[in-house]
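# Return a 3D structure for these sequence lines:
(one chain, ligands or ions: 2)
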Amino acid sequence: MKEKIYTIPVHDAYLSDAACPLCELERTTEQNLLSYYLGPAMMEPDVRVGTNEKGFCRDHWRRLYQAEENRLGLGLVLHTHVDDVHEELSKLLEDIVPNKRKGMFSGKDKTYKQKIEKTADKVSSRVGSCLICDRIAYTMDRYIEVIFYQFFQDPAFRQHFTSRKGYCLPHLAELLRSAADRLDQDEASQFLQVLVSQQNEAMAKLRTDVEWFTLKFDYRNATADWKDSKDALPRAIRNLTGCRDID
Ligand SMILES: [Zn+2]
Ligand SMILES: [Zn+2]
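Ligands and ions are numbered 1, 2, ... in the order given. Down below sits the predicted model:
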């Protein structure tokens, strides 16, 4: 049996009314991490080593700021992170400026393009790294491990899994990749039989709902029932992208 810290959230997500249970798991994981980094952990030396070095991605810096909590803590984290970025990048940037003393670009330098590009890559690597994204990826991987384990070991969970209505496309891809990675052929065929039939049914329903949304603009359908199509646009966008904050 996998550790309860992963099993309980998986069960909760499969019992929730979220369209994609993996989106629900990702949402709660992200929420917990945002609270964690805005809480007392922010001041712990080993956490600060991580925030100094990796920092957060665009989305997660924004979410940390917009939480409007612990401004001082966020300020201190930003100060030491900016310090770390400045320390590394200022030297690299100085190295691509013509400098006779160092011999850089003095005379013809055939490698000047590569040198500039390499510096751009270093800058990008500072932008792309994120402690929260890394921990979400790690945790989601543990959750998926639990999903497979429970699917084959726990008939009640398999029932919950079977009664779901598919996944958003990014999470569908993740499930398929994990199935290829973790399951033997017999297990994969059992798992895919359930997954594919619910996924195709859900996509067909989404297609019908989006179509009916557009047909409602026809004056002949003005008084007809909306059926399930009132929220068809955000639902379709959430399904295609895994985006959770559109409704
Ligand atoms: Zn999802
Ligand atoms: Zn991130």
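# chain center to the helix ranked longest in the chain: distance?
Scanning the chain for the helix with the most residues, using DSSP state H, yields helix 185-215. With CA atoms, centre = their mean, to the nearest Å as the basis, helix 185-215 stands 22 Å off its chain's centre.
# Now look at that helix and say if it contacts ligand 1.
No. Under the criterion of CB under 5 Å from the ion, ligand 1 is not reached by helix 185-215; the shortest gap measures 11.8 Å. In short, each C-beta sits where N, CA and C put it, glycine included.
# tell me what the following helix or strand past that helix is packed against?
Counting by DSSP states H and E, the next helix or strand C-terminal to helix 185-215 is helix 232-241. In terms of contacts (3 or more CB pairs under 8 Å, 6 or more residues apart in numbering; DSSP states H and E), helix 232-241 is packed against helix 169-182, helix 185-215.
# Among those helices, which comes closest to ligand 2?
Of all those, it is helix 169-182 that lies closest to ligand 2, at 14.7 Å by CB to the ion.
# which strands and helices sit next to that closest one?
Applying 3+ CB pairs under 8 Å, 6+ apart, we find helix 169-182 packed against helix 21-38, helix 131-153, helix 185-215, helix 232-241.
# coming back round to it: now the helices and strands packed on helix 232-241 as TSV including mean pLDDT and mean neighbour count?
Output for these, formatted as TSV (pLDDT from 0 to 100; neighbours: other CB atoms under 10 Å):
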stretch	mean pLDDT	mean neighbour count
helix 169-182	97	15
helix 185-215	98	15
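# and the nearest residue to I147 once chain neighbours are set aside, what pLDDT?
Leaving aside its chain neighbours, I147 sits nearest to V10 (6.0 Å; criterion: CB to CB, 6 or more residues apart in numbering). pLDDT for V10: 97.
# Hmm, V10 is touching F148, no?
No. Counting by CB atoms under 8 Å, V10 sits too far from F148 to count as a contact (10.5 Å).
# Looking at the two, which is more packed in?
Ranked by neighbour count (other CB atoms under 10 Å), V10 and F148 place V10 first, with 25 against 19.
# what's the strand or helix carrying the more buried one in contact with?
Here V10, judged by DSSP H and E, is contained in helix 4-15. Defining contact as CB atoms under 8 Å, 6 or more residues apart in numbering, one finds that helix 4-15 is touched by 1, 21-22, 24-25, 28-29, 139, 142-143, 145-147, 150, 157, 160-161, 164.
# Which members of those residues are classed as buried?
When the contacts of helix 4-15 are checked for burial by 16 or more other CB atoms under 10 Å, the buried set is 21-22, 24-25, 28-29, 139, 142-143, 146-147, 150, 157, 160-161, 164.
# Looking at those, spot the one nearest A179.
Nearest to A179 among the buried ones among the contacts of helix 4-15 is I147, at 10.0 Å by CB to CB.
# Return the residues in contact with that closest one.
Contact analysis of I147 by CB under 8 Å, 6+ apart lists 10, 161, 175.
# What sits closest to the second one if chain neighbours are left out?
Among residues not flanking F161 along the chain, F151 sits closest, at 5.6 Å (CB to CB, 6+ apart).
# Any idea how many residues pack against that neighbour?
20.
# Now that it has come up, it's in contact with H160, right?
No. If you go by CB under 8 Å, F151 and H160 don't touch, sitting 9.7 Å apart.
# any shared contact partners between those two?
Residues touching both F151 and H160 (CB under 8 Å, 6+ apart): there are none.
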